[in-house]
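A.B. asks: give me the fold of what follows.
(one chain, ligands or ions: 2)
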Amino acid sequence: MNAKNGPIVELRQVSKHFGKSEVLKGVDLQLPRGRSTVIIGESGTGKSVLLKHMVGLLRPDGGEVYFQGQRVDQLHEKQWPEIRRHFGFLFQMGALFDSMTVGDNVAFPIREHLKLCEREIEQVVAEKLNLVGLDGVQSKWTAELSGGQRKRVALARAIVLEPDVVLYDEPTTGLDPVRADTINDLIIKLQKELHMTSVVVTHDMTSAFKVADHIHMLHEGRFIASGTADDFRHATDPRVRSFVAGDANSNNNARKLESVSPDGGYAP
Ligand SMILES: Nc1ncnc2c1ncn2[C@@H]1O[C@H](COP(=O)(O)OP(=O)(O)O)[C@@H](O)[C@H]1O
Ligand SMILES: [Mg+2]
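C.D. replies: Ligands and ions are numbered 1, 2, ... in the order given. As a prediction, this is how the structure comes out:
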């Protein structure tokens, strides 16, 4: 694989189980450089588990993980920080440190990884907060912020080292539609202006359709559909259709269909 032109991240036949539960059953995924890949699927299907394999927070039971063409799943824990520096991770809970100011939260990765003087740190922090549309909030406590602002601070922190890949785990969950859309716009802006590759895990289809270059749907441990937003809008696989439509009975429908079409009939 050519490291420069190939996918920036690649998963090959990745499988993972916890106890008796087989969460990933041989997942293949390629992240095209500079594009945004969206992963959708029901709650509990392994979307967060999948993301964690990309940054070595979980190791696969089987299969391989590559970053820039280099196999990384077998790396020693000591070698992972060098790989992880290329990633920004917006965790599902957006976990900010509540004992720190906004400025110190955003500065945290800089202090961990770079040797900059305080003036340079202040400058980078201000620049990244500006990028997410928050000026002059450095000295505030995180508790003083709204949910949407907290997400944006977490995002500023995730991108502060200018990573190549940003992983967004449910970035719009818990936000009202207007604030959710601000986050969608930011994901697009960061990708365009900073040429970042993004991976967005979501079950918010408005967000998926807005930010995705490619969408993959995870279902019972496997990808059952992959394509563009338009492919998903016009999907024929009932499991995909019911998920996209937010059908309350999607689980029942999926179960009924399993016997008819175990692999899904949808491959654009
Ligand atoms: N560290 C872990 N130990 C045990 N089970 C886990 C762990 N992480 C995730 N799981 C289980 O794996 C399944 C998939 O979880 P997750 O990836 O968080 O789902 P989601 O698609 O909602 O992000 C769930 O059943 C969850 O309980
Ligand atoms: Mg999750």
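
A.B. asks: dump the residue contacts of the residue nearest to residue 98 when sequence neighbours are not counted.
C.D. replies: Spatial nearest neighbour of residue 98, chain neighbours left out: residue 142 (5.3 Å); criterion: C-beta to C-beta, 6 or more residues apart in numbering. Placement of C-beta: from N, CA and C, glycine included. Counting by C-beta atoms under 8 Å, 6 or more residues apart in numbering, residue 142 touches 96, 97, 98, 100, 101, 102, 105, 150, 153.

A.B. asks: ok, the first one to residue 174 distance?
C.D. replies: Residue 96 sits 14 Å away from residue 174, going by C-beta to C-beta, to the nearest Å.

A.B. asks: of those two, who's got more company?
C.D. replies: residue 96 (22 against 15; other C-beta atoms under 10 Å).

A.B. asks: and the closest residue to that one other than its chain neighbours, what pLDDT?
C.D. replies: Leaving aside its sequence neighbours, residue 96 sits nearest to residue 142 (C-beta to C-beta, 6+ apart; 4.5 Å). According to the prediction, residue 142 has pLDDT 92.

A.B. asks: for the stretch 101-250 of the chain, just list every one of the helices.
C.D. replies: Here the stretch 101-250 of the chain has its helices, by DSSP state H, counting those that start in this stretch, at 102-113, 118-131, 147-158, 177-194, 205-211, 229-233, 238-244, 250-258.

A.B. asks: and residue 175, backbone torsions?
C.D. replies: Main-chain dihedrals, residue 175, degrees, to the nearest 10: phi -100, psi 150.

A.B. asks: ok, it - how many residues close by?
C.D. replies: Using other C-beta under 10 Å, residue 175 is surrounded by 19 other residues.

A.B. asks: let me know how buried residue 4 is, in neighbour terms.
C.D. replies: Residues near residue 4, counting by other C-beta under 10 Å, number 8.

A.B. asks: now the one 4 residues further on
C.D. replies: As a burial measure, residue 8 scores 23 neighbours (other C-beta under 10 Å).

A.B. asks: please apply the same query to residue 195.
C.D. replies: With other C-beta under 10 Å as criterion, residue 195 counts 11.

A.B. asks: contact partners for it?
C.D. replies: Residue 195 makes contact with residue 34, according to C-beta under 8 Å, 6+ apart.
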